[in-house]
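Peer 1: below are the sequence and a predicted model; questions follow.
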Amino acid sequence: MISVRIRKRYPPARESAGFVLDVEFQSTAGITVLFGPSGSGKTLTLDSIAGFVRPDEGRILLEDSILFDGAAKIHLPPQARRCGYVFQNYALFPHMTIRENLAFAADRIPRLERHRRVNEMLERFRLTEFAGRRPHEVSGGQKQRCSIARALIVEPRVLLLDEPATGLDAPLRQELYSILRQVRQEFKIPILMVTHDLDECFALGDEMLILRMGKIVQSGSPARVVEQPVNADVAKLLGIYNLLPIEIRALDPGRNSSRYRYGDYELAGPYFPGRLLGDRVLLCVRPDQLHAVAPEDVRPMNAIPARLVRVEERHSSVRLEFSGNITVDMPREEFERQKHTKEWMIQFPISGVRVF
Amino acid sequence: MQIDWFPLRLSLRVAAISTLISLVFGLWLAWLLTQRDFRGRNVLDAGVTLPFVLPPTVLGYYLLVLLGRNSPLGQMYEWLFGQPLVFTWQAAVVAAIVHSAPLLVLSARAAFESIDHTYERAARTLGASEWRVFRSVTLPLAWRPILAATAVAFARSLGDFGVTIMIAGNIPGRTQTVAVAIYDAVEAGNGALARTLVVIVSAVALLILSLANRTAGVYPKSRQAAG
């Protein structure tokens, strides 16, 4: 269990605006992902926990020990914190072999035990075969496993990972995910992972913290966060929503329905709690909730005409960009069937959308 | 022609000892200067660079005052080793250190700062003490440019004239280093001796510098770790 409440101020300097990190969260065993754009304070948070950065105030508690306490002027050095840290580029010592890298970390373990422990970790992370090689002589996946094994050999009380999947190709990424799931199961410690990849949050995250400009703007399970972003900023950060300006024209809580105006068209939607007639808001709708149809095939309901601007092929679906910045995801076969359509209509769902 | 090899032998010995002392001292000071801010860091930083810009005679004068037989340091040395420091060959070692130490401090510092600090951070999270981080990570990653600088420092130590003559003097067979011997030979009109020594010193310096250039080249940075 780790509990973090820290504040760190970077005053504005020449060529850089000021920045304030102000985060508070707790996490228990399992994987917590810190998600956010670059410069939102994700890595700074990890570095504060590891002891590379000294916050101005607050408190960091790990299990029963205080790593940092601003009021009591406690700031343990990184050596005393027992935080495993997996760096973005693995940071394996280039002048040591894989085995020596692990042995370096195992230095505090008694001599007899040390050898056994290093071997055990080499075995567990399938590194025995490459134990005598230097980091530049092994593959990316082996380096990755070695860096995780090295961080775990000291039996850390928390594992910190800074964008571990950056620069990995798809198979290695999958391998990393399965290793981390294995680690989650075998080591009952909190795992904090920084990422800006939403798929990664879903693949691994038990919990998700969304950071923006040094603050946690939303937290919860990835599915819940994506289902219900708390505001337009979070929806934008997730990068998976259409945010369309609308004006509310009618609201009926009894029937759970509403009518709103988008551009020149009036559409039906669910009741929007807490909103008033005439409110100008942003309609938040996922690309897979919208349906692009050809009017000659289907009689469109609750739809507006739109002009297709761009088609982006994806592995299982096609992403269509329409005029008015509307993005629609469509299964590939469906698109193949109607790709010669000239005049598209876009159907809006009457439930499952939110406004901000 | 009978050549007295003593000055050359003395110079090599002085250069070797002074380089060794400068290396240890230089690594320590460089490490200190790369650590986080402490009070007086800027003054220390400037102090290290001073020998580069001051005339050797000025440096020699300072050392004479500092280490002379009447100074506390000079008396302490005399009490410890039973003989005065100034006007002995050991004083020539001090003179050489004045030249080689700043060079090593600056190069070692540049070398320490050029390596990827993520390695040092990683070592710290793994529980390594600061001394162990330095010994097992920083130094092995930075040794190439430091070794090259050591070679240059050695060559530089061979050639000091000004400081040596101020504090070690020109006592043939005792404190006369090769640089001083060349000056002496020219003064005495012994052109052959001067020429021979000049050629030898130049050759040694050239050899050392070419070795240094081959050694230089920083350890690849994290590029290698990223692969």
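Peer 2: All right, it came through fine.
Peer 1: count of residues packed around residue 113?
Peer 2: In the absence of a named chain, this looks at chain A. 10 (other CB atoms under 10 Å in any protein chain shown). Every residue, glycine included, has its C-beta placed from N, CA and C.
Peer 1: I was after chain B.
Peer 2: For B:Glu113, using other CB under 10 Å, the count is 12.
Peer 1: what about the longest helix along chain A, near chain B?
Peer 2: For chain A, the longest helix by residue count, based on DSSP state H, is helix A:170-186. No - applying CB under 8 Å from any CB of the partner chain, one finds helix A:170-186 separated from chain B by no less than 11.4 Å.
Peer 1: I'd like the next helix or strand past that helix.
Peer 2: Counting by DSSP states H and E, the element after helix A:170-186 in chain order, helix or strand, is strand A:190-195.
Peer 1: mind checking how far that following strand is from the chain centre?
Peer 2: Computed by CA atoms, centre = their mean, to the nearest Å, the separation of strand A:190-195 from the middle of its chain amounts to 9 Å.
Peer 1: next: stretch A:8-26.
Peer 2: Remark: stretch A:8-26 is offset 21 Å from the chain centroid, using CA atoms, centre = their mean.
Peer 1: same question, stretch A:66-81
Peer 2: On CA atoms, centre = their mean, the centre of stretch A:66-81 falls 28 Å from that of its chain.
Peer 1: just stretch A:71-87 next, same as before
Peer 2: So, by CA atoms, centre = their mean, the centroid of stretch A:71-87 is 24 Å from its chain's centroid.
Peer 1: so which bits of it are buried?
Peer 2: For stretch A:71-87, burial by neighbour count (16 or more other CB atoms under 10 Å in any protein chain shown) applies to A:His75, A:Leu76, A:Pro78, A:Gln79, A:Arg81, A:Arg82, A:Cys83, A:Gly84, A:Tyr85, A:Val86, A:Phe87.
Peer 1: tell me which other helices or strands the longest helix of chain A touches.
Peer 2: strand A:30-35, helix A:140-152, strand A:190-195, helix A:198-204 (3 or more CB pairs under 8 Å, 6 or more residues apart in numbering or on different chains; DSSP states H and E).
Peer 1: ok, which of the ones you listed comes nearest chain B?
Peer 2: helix A:140-152 (5.7 Å; CB to the nearest CB).
Peer 1: where does the residue lying closest to A:Gly352 once chain neighbours are set aside land on pLDDT?
Peer 2: Excluding its sequence neighbours, the residue lying closest to A:Gly352 (CB to CB, 6 or more residues apart in numbering or on different chains) is A:Gln289, at 6.2 Å. You'll see A:Gln289 listed with a pLDDT of 90.
Peer 1: for A:Gln289, list the residues it contacts.
Peer 2: A:Pro349, A:Gly352, A:Val353 (CB atoms under 8 Å, 6 or more residues apart in numbering or on different chains).
Peer 1: a markdown table for these, including pLDDT?
Peer 2: Compiled in a markdown table, the contacts of A:Gln289 are given as follows (pLDDT from 0 to 100):
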| residue | pLDDT |
| --- | --- |
| A:Pro349 | 91 |
| A:Gly352 | 84 |
| A:Val353 | 87 |
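Peer 1: ranking those by neighbours, who comes first?
Peer 2: A:Val353 (22 neighbours).
Peer 1: for A:Leu244, see how far away it is.
Peer 2: To A:Leu244, A:Val353 is 10 Å away according to CB to CB, to the nearest Å.
Peer 1: same question for A:Gly51.
Peer 2: 46 Å.
Peer 1: likewise A:Pro110?
Peer 2: 64 Å.
Peer 1: which one's more surrounded, those two?
Peer 2: A:Leu244 (21 against 9).
Peer 1: just the CA trace of the longest helix of chain A, in CSV.
Peer 2: Taking Å, rounded to 0.1, in the frame of the first residue of the first chain, the C-alpha atoms of helix A:170-186 are listed here in CSV:
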residue,chain,number,x,y,z
ALA,A,170,3.6,-5.2,-30.9
PRO,A,171,4.9,-8.7,-30.0
LEU,A,172,7.3,-7.3,-27.4
ARG,A,173,4.5,-5.1,-26.0
GLN,A,174,2.4,-8.2,-25.5
GLU,A,175,5.2,-10.0,-23.9
LEU,A,176,5.7,-7.1,-21.5
TYR,A,177,2.1,-7.1,-20.6
SER,A,178,2.1,-10.8,-19.8
ILE,A,179,5.3,-10.3,-17.7
LEU,A,180,3.6,-7.5,-15.8
ARG,A,181,0.5,-9.6,-15.2
GLN,A,182,2.7,-12.3,-13.9
VAL,A,183,4.5,-9.9,-11.6
ARG,A,184,1.2,-8.6,-10.4
GLN,A,185,0.2,-12.1,-9.4
GLU,A,186,3.4,-13.2,-7.8
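Peer 1: between it and strand A:30-35, how many degrees?
Peer 2: 130 degrees (axes from the mean of the first three to the mean of the last three CA atoms, to 10 degrees).
Peer 1: what does helix A:170-186 contact?
Peer 2: Applying CB under 8 Å, 6+ apart, the set of residues contacting helix A:170-186 is A:29-31, A:125, A:140-141, A:144-145, A:148, A:152, A:159, A:161, A:164-165, A:168, A:191, A:193, A:200, A:203-204.
Peer 1: again, only this time at 7 Å
Peer 2: A:30-31, A:140-141, A:144-145, A:148, A:152, A:159, A:164-165, A:168, A:191, A:203-204 (CB atoms under 7 Å, 6 or more residues apart in numbering or on different chains).
Peer 1: now a ChimeraX select for only the buried ones of those residues.
Peer 2: Those of the contacts of helix A:170-186 that count as buried under 16+ other CB under 10 Å are selected in ChimeraX with:
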select /A:31,140,141,144,145,148,152,159,164,165,191,203,204
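Peer 1: and the least confident of the contacts of helix A:170-186?
Peer 2: In this model, the minimum pLDDT among the contacts of helix A:170-186 belongs to A:Leu168 (83).
Peer 1: isn't it up against A:Gly140?
Peer 2: Yes - counting by CB atoms under 7 Å, A:Gly140 is a contact partner of A:Leu168 at 6.5 Å.
Peer 1: and the helices in chain A?
Peer 2: All helices of chain A, identified by DSSP H, fall at A:42-50, A:98-105, A:111-124, A:140-152, A:170-186, A:198-204, A:222-227, A:232-238, A:332-337.
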